[in-house]
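Novice: Got a sequence here, can you build the structure:
(chains A and B)
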Protein chains: 2
Amino acid sequence: MDPRVREHAELLVEWSARIEPGDNVVVSVAEGTHDLAVAVADVLGEIGANVATTYASDEVKRAYQRAHDGDFETPTHERALYEHADSALFLKGGRNTFATADVDGETQKAAKRANSPIREARLATDWVSTLHPTRSLAQQAEMAYEAYQDFLYDAILRDWDSLAAEMGQLKDRLDQGSEVRLVRGDAELTMSIEGRTAVNSAASVAYGSHNLPSGEVFTAPYNVEGEVRFDVPMTISGSRVRDLWLRFEDGRVVDYDAAVGAATIGDVLDTDPGARSLGELGIGMNRGIDRVTGNGILDEKMGDTIHLALGRAYDACVPAGESGNESAVHVDLITDVSADARLEIDDEVVQRNGRFRWEDGFRSA
Amino acid sequence: MDPRVREHAELLVEWSARIEPGDNVVVSVAEGTHDLAVAVADVLGEIGANVATTYASDEVKRAYQRAHDGDFETPTHERALYEHADSALFLKGGRNTFATADVDGETQKAAKRANSPIREARLATDWVSTLHPTRSLAQQAEMAYEAYQDFLYDAILRDWDSLAAEMGQLKDRLDQGSEVRLVRGDAELTMSIEGRTAVNSAASVAYGSHNLPSGEVFTAPYNVEGEVRFDVPMTISGSRVRDLWLRFEDGRVVDYDAAVGAATIGDVLDTDPGARSLGELGIGMNRGIDRVTGNGILDEKMGDTIHLALGRAYDACVPAGESGNESAVHVDLITDVSADARLEIDDEVVQRNGRFRWEDGFRSA
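Specialist: Next up is the predicted model:
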């Protein structure tokens, strides 16, 4: 077995999920992630955790949902499994990213509603979702399989302790700051972050972070003004979007355009009132992720990028008792900040052309 | 997909497990049984059952058990899953029948003890275990893959309704009978079945039968006298046994011999006092199973064979409140009755040279 599979498993169990002896752990095994499941079982055995393995197959899901009349019930036995679990590890990969492409949207939504008590029980555990390099993910990334393996393990097998410390510096500045300015080329966006709390998404439940790889710091901005262009290619609701431009006034999108996919963005903005406001400002800090692969979870963590999400804000960023921006959507839009760009907090330049002020090569002006 | 996979799935869900709308069903998916899982999900979706899928991998189990210190705890989250389930479908197959060959016996036993509350919860559901034709099972049977598929589907895709009716005739005779005589060549065995109840193992929970395929009628004999030879090759505790001969006096084995594997049988007999007595008389009636494949579940159901098990008797055969033969083992020994053989119940010949008395070609003397 590729030794990186074992390293990945150790990182997942020890750094990310912080699993301890006697913990009840669900390991959700997607089609194509068997080798990682074996390595994870090895690590969990060493620790002395108690394991139940579930099978997550999009092809099984497709067959079930297409055959069903749509009046779904909650599988209460699966809910009981998660209610009695301390941790849940989701090994994702799969064999075809379009395996459920011919299940109609209404059916998928109905199934999702019926499963929401399971989702809640899952989210109440120390859960972590991770990716195993499969040929299907390589294809999605338009990469050869071995090259994709190298890419993904570079993204996963970081020195997370050190990255967490570095990201902590940015979190502190965001937590203490009042206003953020993002300048890219001739466009400029300002937003308020006063009173909001940033999340140091260091790929560990100890940091409130549930994805491996992760590597971003994010908060929930408001009172957004100005304009911004997103030049990283994105897939939104299954459609491609290129060179999106947004203009904000009084915290809301008042104008937009795109080289490709303007109608898709229009649909997003019309979902509900909250869809026209930002729910997230995220700063990608995982330099192991050095290219766009069409997988949002990875793309938004890419080093030297910043993403802004239209729609729902994360509760963790908002003071207890208050609610952040509310919406049924949360659509991440990514922009490259490696050149001709700067990020300021309260007029202090924190990042310029991808370099943070605590890094070698940073120019303050 | 091979249309037989879909037929198998329908039979499993409808005939065997009798699943109804709203039932909570666990589908346990072994490595290599994905296609059957998809077909089963399709049928369960049509019925409107609620599905949770688990992953049963011997390689995952091996990794976990080898890494563990051996002080296993019960995974109570998995127990909760089964406690909230109405039915459980075990799709077996796998990719290597020796996948756990290098896990030491003590470790396997300790894990089994820790998992016994899960096993009890599972047995309390309407559970059915079935086999999907994998290359690993073909190899175990020393057959080509396509030939094995034909073989296994012939065993599974029977007219179970009609076979259940035929087996019912034998069950009735056994239930009403007092003494069974098995005559093979120059050897003769007699046993008492007075007061015992036979099980019509018709591959359906409606008959108290939990394997698909099945196809046998069995009861719990006692007061066994005489001798018998077992000429069907068997694998017992991982060792081959050929041409086994046993002699019984006062219900217990007093002498034995085998062309191959006599020591293995000696070990079985010395397990505990109950291991020297019979726990089962079974009559194989599935003529779709027309050859030995080294899989005990299939071999013992083979048409024109009879099996006798040393050790534990099944509760279903013994009157409520009484206990049948007790032992830690239950070892099935199979003999060919297609020629030079007859089975008598209370001196009436019920089967001669493989033909039952209700069949064409039966000779009463």
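Novice: residue nearest the centroid of chain A?
Specialist: What sits nearest the mean C-alpha location of chain A, by CA atoms, centre = their mean, is A:Ile297, with 3.9 Å.
Novice: Check the contact between it and A:Asn211; I expect there is one.
Specialist: Yes - using CB atoms under 8 Å, A:Ile297 is in contact with A:Asn211, at 5.8 Å. Every residue, glycine included, has its C-beta placed from N, CA and C.
Novice: shared neighbours of the two, anything?
Specialist: A:Ser129 (CB atoms under 8 Å, 6 or more residues apart in numbering or on different chains).
Novice: I'd guess the residue nearest to the centre of chain A is in a helix, am I close?
Specialist: Yes - counting by DSSP: H, G, I helix; E, B strand; the rest coil, A:Ile297 is located in a helix.
Novice: Give me the distance between the closest residue to chain B within the stretch 201-350 of chain A and A:Leu131.
Specialist: Residue nearest to chain B within the stretch 201-350 of chain A: A:Val205 (17.4 Å; CB to the nearest CB). Relative to A:Leu131, A:Val205 is positioned 17 Å away (criterion: CB to CB, to the nearest Å).
Novice: more neighbours, the two?
Specialist: A:Leu131 (24 against 17; other CB atoms under 10 Å in any protein chain shown).
Novice: Model confidence score at that one, please.
Specialist: Looking at A:Leu131, its pLDDT stands at 98.
Novice: residues near the residue nearest to A:Val217 when sequence neighbours are not counted, how many?
Specialist: Once flanking residues are discounted, A:Val217 sits nearest to A:Leu170: 4.6 Å by CB to CB, 6 or more residues apart in numbering or on different chains. Neighbour count for A:Leu170, taken as other CB under 10 Å: 23.
Novice: can you tell me how far the residue of the stretch 201-350 of chain A closest to chain B sits from A:Asp86?
Specialist: Distance from A:Val205 to A:Asp86, by CB to CB: 11 Å.
Novice: which neighbours do the two share?
Specialist: With CB under 8 Å, 6+ apart as the test, A:Val205 and A:Asp86 both reach A:Asp126.
Novice: if we can go back for a sec, if I look at the residue nearest to the centre of chain A, what pLDDT would I see?
Specialist: pLDDT at A:Ile297 comes out at 88.
Novice: and the closest residue to A:Leu157 other than its chain neighbours, how many neighbours does it have?
Specialist: Leaving aside its sequence neighbours, A:Leu157 sits nearest to A:Glu7 (CB to CB, 6+ apart; 5.6 Å). Per other CB under 10 Å, the neighbour tally for A:Glu7 reads 14.
Novice: What are the phi and psi values at A:Glu7?
Specialist: As for A:Glu7, its main-chain torsions (degrees, to the nearest 10) stand at phi -60, psi -40.
Novice: Can you tell me the closest non-neighbouring residue to A:Phe72?
Specialist: In space, A:Phe72 is closest to A:Ala114, 3.6 Å off (CB to CB, 6+ apart).
Novice: quick one, domains of chain A?
Specialist: A:3-156, A:160-356 (automatic domain parsing).
Novice: wait, which of the ones you listed is closest to B:Thr235?
Specialist: Evaluated with CB to CB, the domains of chain A place domain A:3-156 nearest to B:Thr235, the distance being 26.3 Å.
Novice: Work out for me the element A:Val25 sits within.
Specialist: strand A:24-30 (DSSP states H and E).
Novice: just A:Glu322 next, same as before
Specialist: Going by DSSP H and E, A:Glu322 is not in any helix or strand.
Novice: residues contacting it?
Specialist: Neighbour list for A:Glu322: empty [criterion: CB under 8 Å, 6+ apart].
Novice: pLDDT value on it, please?
Specialist: The model's pLDDT for A:Glu322 equals 89.
Novice: A:Glu14 now?
Specialist: So A:Glu14 comes in at 98 (pLDDT).
Novice: Please report the distance of the nearest residue to it once chain neighbours are set aside from B:Ser204.
Specialist: Leaving aside its chain neighbours, A:Glu14 sits nearest to A:Val43 (7.3 Å; criterion: CB to CB, 6+ apart). For A:Val43, the distance to B:Ser204 equals 41 Å [CB to CB].
Novice: Settle it for me: which of the two has more neighbours?
Specialist: Ranked by neighbour count (other CB under 10 Å), A:Val43 and B:Ser204 place B:Ser204 first, with 24 against 21.
Novice: what sits against the residue located most distally from the centre of chain A?
Specialist: The outermost residue of chain A relative to its centre, with distances by CA atoms, centre = their mean, is A:Asp69 at 32.5 Å. Residues counted as contacts of A:Asp69 (CB under 8 Å, 6+ apart) are B:Gly48.
Novice: That one: what secondary structure?
Specialist: Criterion first, three-state DSSP; result for A:Asp69: coil.
Novice: Next, it: phi, psi?
Specialist: phi -80, psi 0.
Novice: what's the longest helix in chain A?
Specialist: The longest helix of chain A (DSSP state H) is helix A:160-176.
Novice: So which residues make contact with that one?
Specialist: Against helix A:160-176 from outside (CB under 8 Å, 6+ apart): A:11, A:15, A:180, A:193, A:196-204, A:207, A:215-217, A:219, A:283, A:285-286, A:345, A:350, A:356, A:358.
Novice: and if we set it to 7 Å?
Specialist: A:15, A:193, A:197-198, A:200, A:202-204, A:207, A:215, A:217, A:219, A:283, A:285, A:345, A:350, A:358 (CB atoms under 7 Å, 6 or more residues apart in numbering or on different chains).
Novice: Check stretch A:140-149 too.
Specialist: A:Thr97, A:Pro133, A:Arg135, A:Leu137, A:Ala138, A:Phe151, A:Thr293, A:Gly294, A:Asn295.
Novice: Name all residues that make contact with the closest residue to chain B within the stretch 51-200 of chain A.
Specialist: Nearest to chain B, among the residues of the stretch 51-200 of chain A, is A:Ala67, at 3.1 Å (CB to the nearest CB). Applying CB under 7 Å, 6+ apart to A:Ala67 gives the contacts B:Asp42, B:Gly45, B:Glu46.
Novice: Look up how far B:Ala309 lies from it.
Specialist: With CB to CB as the criterion, A:Ala67 and B:Ala309 are 40 Å apart.
Novice: same deal with A:Asp231?
Specialist: If you go by CB to CB, the gap between A:Asp231 and B:Ala309 works out to 72 Å.
Novice: likewise A:Leu343?
Specialist: In terms of CB to CB, A:Leu343 sits 75 Å off from B:Ala309.
Novice: repeat for A:Leu89
Specialist: Taking CB to CB, one finds A:Leu89 at 41 Å from B:Ala309.
Novice: cool, and A:Val38?
Specialist: Counting by CB to CB - A:Val38 and B:Ala309 are separated by 35 Å.
Novice: Which residue of those two possesses the greater neighbour count?
Specialist: Higher neighbour count among A:Val38 and B:Ala309: B:Ala309, with 24 against 21, using other CB under 10 Å.
Novice: And the helices in the stretch 101-250 of chain A, which stretches?
Specialist: Using DSSP state H, counting those that start in this stretch, the helices found in the stretch 101-250 of chain A span residues A:105-114, A:116-123, A:135-140, A:145-156, A:160-176.
Novice: Kindly present those as JSON lines, with separate columns for mean pLDDT.
Specialist: Shown next, in JSON lines, are these (pLDDT from 0 to 100):
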{"stretch": "helix A:105-114", "mean pLDDT": "92"}
{"stretch": "helix A:116-123", "mean pLDDT": "94"}
{"stretch": "helix A:135-140", "mean pLDDT": "96"}
{"stretch": "helix A:145-156", "mean pLDDT": "98"}
{"stretch": "helix A:160-176", "mean pLDDT": "97"}
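Novice: Among those, which comes closest to B:His330?
Specialist: Between these, helix A:116-123 lies closest to B:His330; by CB to CB that is 38.3 Å.
Novice: Identify all contacting residues around that closest one.
Specialist: A:Thr74, A:Pro75, A:Glu78, A:Arg79, A:Tyr82, A:Glu83, A:Ala88.
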